[in-house]
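J.: sequence-free structure coming up:
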């Protein structure tokens, strides 16, 4: 079943899945661009800044400081790079308040210069998918806007939360798989 929101342009594209490693929020996007170009949007500080934030430091040390400028943050949190296989796979853990989030991004060439992006976030036993899933929908739509040359600030948070909370909360509570 597809959930609908007040804004017909904002629909859930992800779900909560269970596998041997636990519960995950999983979202997918497709970009009409080569994998290396999409990779740059996810890893280069200047390309990240318009849609989510920026980082500084030396990633070869395994850790950088990530600042969520899209939320008005001015101070960063540690972001540990667990795996980086350019331009295909990035796995990081980042501090969010008192918790740590495990995030995975995989890119694949769908052919003809089209790139498929799969984003996954591991969910802890007490984490509410209904409050997390809408946020990643929002940020991935900001990424799509930035890549399309549109203003990511025009993507309005109020269109995502609480409108998509029930979708993610329902799939997160049941442990549904896709």
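T.: Structure received. A quick note: this is a predicted structure, and the numbers were derived from the prediction, not measured.
J.: please report the distance of the residue lying farthest from the centre of the chain from residue 155.
T.: In the chain, counting by Cα atoms, centre = their mean, residue 112 sits farthest out from the average C-alpha position, at 24.2 Å. Distance of residue 112 to residue 155, given as Cβ to Cβ, to the nearest Å: 27 Å. All C-beta spots, glycine's among them, are computed from the backbone N, C-alpha and C.
J.: that's a strand at residue 143, yeah?
T.: No. The assignment for residue 143 by DSSP: H, G, I helix; E, B strand; the rest coil gives helix, which leaves it out of any strand.
J.: give me the most central residue, the protein.
T.: In the chain, the centroid-proximal residue (Cα atoms, centre = their mean) is residue 136; its distance is 4.5 Å.
J.: what about that one, distance to residue 123?
T.: With the distance defined as Cβ to Cβ, residue 136 ends up 12 Å from residue 123.
J.: between the two, what contacts are shared?
T.: Counting by Cβ atoms under 8 Å, 6 or more residues apart in numbering, the contacts common to residue 136 and residue 123 are residue 25.
J.: so where's this structure uncertain?
T.: Scanning the chain with the threshold set as pLDDT under 70 gives 1-8, 171-178.
J.: kindly list the longest strand within it.
T.: strand 99-111 (DSSP state E).
J.: which strands and helices lie in contact with the next helix-or-strand element following that strand?
T.: For strand 99-111, the succeeding helix or strand toward the C-terminus, using DSSP states H and E, is strand 114-123. Applying 3 or more Cβ pairs under 8 Å, 6 or more residues apart in numbering; DSSP states H and E, one finds that strand 114-123 contacts strand 22-31, helix 35-43, strand 99-111, helix 129-147.
J.: got the angle for strand 114-123 vs helix 35-43?
T.: 30 degrees (axes from the mean of the first three to the mean of the last three Cα atoms, to 10 degrees).
J.: buried ones in strand 114-123?
T.: By neighbour count on 16 or more other Cβ atoms under 10 Å, the buried set for strand 114-123 is 115, 116, 117, 119, 120, 121, 122, 123.
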